[in-house]
Structure formats: C-alpha cells, structure tokens
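# Structure for this input, please:
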Amino acid sequence: MTDDGNGCYRLVFDFSEFENHNKVHEQPNYNDENRHPILKWSESKYYPENKLEVFFIDVDSEIDFLEILPQDATTGEGEASADDIIEQYKSSLERKQKLLKPLHEKNRGLIDLTITESSEMLVLEAEIRLINEFLENFRFFIIGRQGI
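Residues are numbered from 1 along each chain as shown. Okay, here's the model as predicted:
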C-alpha cells in the first residue's frame with residue numbers, strides 16, 4: 001500500500017499465487033438480464049488479466065475494518081497475532097450487525113425505508129458478507145500454515 005500523493009492510499013492485491021485455490025471457492029455473482037447469477041468473477045470481463053486488483057482509499061476515510069500502519073510497523077513488537085486479527089474483524093462484524101439490525105426491523109414493518117436507509121442496508125450487508133468471507137479464508141489460511 002502506498003500513498004499516491006493525491007490524498008489516497010493505493011492498495012494493490014496480487015492474487016496470482018492463489019488463483020487456482022480461489023477459483024475452487026468462487027460462486028456465481030454476476031447476473032444475467034433476469035437477475036440470475038450466472039458468471040463467476042474470473043469468468044467476467046472485470047477479472048484482471050494481470051491478476052492484480054487495485055483499490056484507492058481516501059486517506060481521510062473512516063474504514064473500521066482496515067488499519068493503516070506505517071511501513072515499518074509490520075515487523076517487531078507491533079505485529080498482530082492471527083488471534084488479534086480475527087478479534088479485530090469479529091469486533092467490526094458485530095458493530096456492523098448492530099447497525100444493520102434496526103434497518104432490518106424497520107424493513108420488516110409497515111414503514112418503507114428511505115433511499116439512504118436502503119443504500120446503507122445494502123452496504124452493511126455487503127460489508128458483513130465480505131468480513132465473513134475474509135474470516136473464513138483467513139482461518140483456512142492459518143490452519144493450512146499450521147499444518148506445514
């Protein structure tokens with residue numbers, strides 16, 4: 001991750017090493033015209049040929065599931081254990097679930113959600129799904145590393 005000089009962090013994810021492993025776990029999530037999931041990401045036009053995915057995050061963004069550390073903070077005493085990382089993600093997951101609960105309750109009632117509430121609900125649901133996927137993959141990775 002680098003600061004691109006324009007007030008953004010540039011995150012580059014290279015998934016080439018684990019591409020075959022990842023494809024085994026992929027699920028169709030690109031919809032056809034009838035909104036049926038038919039394509040996996042690796043089958044879509046959005047899958048990068050170079051196996052690199054780049055994200056830009058505003059340096060002032062409040063992202064509670066990603067902690068930006070100085071480059072030299074990733075070694076030594078400050079290094080987080082696998083358990084610490086899992087606990088941080090679980091804590092973020094619980095916060096998002098608490099935020100989502102009243103929106104679901106309102107949505108089940110007779111009151112329509114506003115556009116903002118609907119958008120917030122969709123974003124929270126997506127973030128919760130991503131955190132759950134990360135936790136599952138991280139646990140799989142840790143178990144695999146312990147077997148080495």
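
# all helices for the chain, in order.
Here the chain has its helices, by DSSP state H, at 19-25, 82-108, 115-146.

# got those as CSV, with mean pLDDT columns?
Shown next, in CSV, are those (pLDDT from 0 to 100):
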stretch, mean pLDDT
helix 19-25, 82
helix 82-108, 87
helix 115-146, 84
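
# Is it possible to get TSV of the ones you listed that adds mean neighbour count and distance to residue 57?
To be clear about C-beta, it is placed using only N, CA and C from the backbone, and glycine gets the same treatment. Putting the helices of the chain into TSV (neighbours: other Cβ atoms under 10 Å; distance: least, Cβ to Cβ, whole Å) gives the following:
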stretch	mean neighbour count	distance to residue 57
helix 19-25	11	22
helix 82-108	13	16
helix 115-146	13	14
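
# Tell me which residue lies farthest from the centre of this protein.
Distance from the centre of the chain peaks at residue 110, with 32.1 Å (Cα atoms, centre = their mean).

# hmm, back to that, a markdown table for the helices of the chain, including distance to residue 60?
As requested, the helices of the chain are exported to a markdown table (distance: least, Cβ to Cβ, whole Å):
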| stretch | distance to residue 60 |
| --- | --- |
| helix 19-25 | 32 |
| helix 82-108 | 19 |
| helix 115-146 | 18 |
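
# Which among those helices is found nearest to residue 37?
Of all those, the one in closest proximity to residue 37, counting by Cβ to Cβ, is helix 115-146 (13.7 Å).

# Which other helices and strands does the closest one contact?
Applying 3 or more Cβ pairs under 8 Å, 6 or more residues apart in numbering; DSSP states H and E, one finds that helix 115-146 contacts helix 82-108.

# ok, 10 Å please
Using 3 or more Cβ pairs under 10 Å, 6 or more residues apart in numbering; DSSP states H and E, the elements in contact with helix 115-146 are helix 19-25, helix 82-108.

# Tell me how far the longest one lies from the chain's centre.
It refers to helix 82-108. Distance of helix 82-108 from its chain centroid, counting by Cα atoms, centre = their mean, to the nearest Å, is 13 Å.
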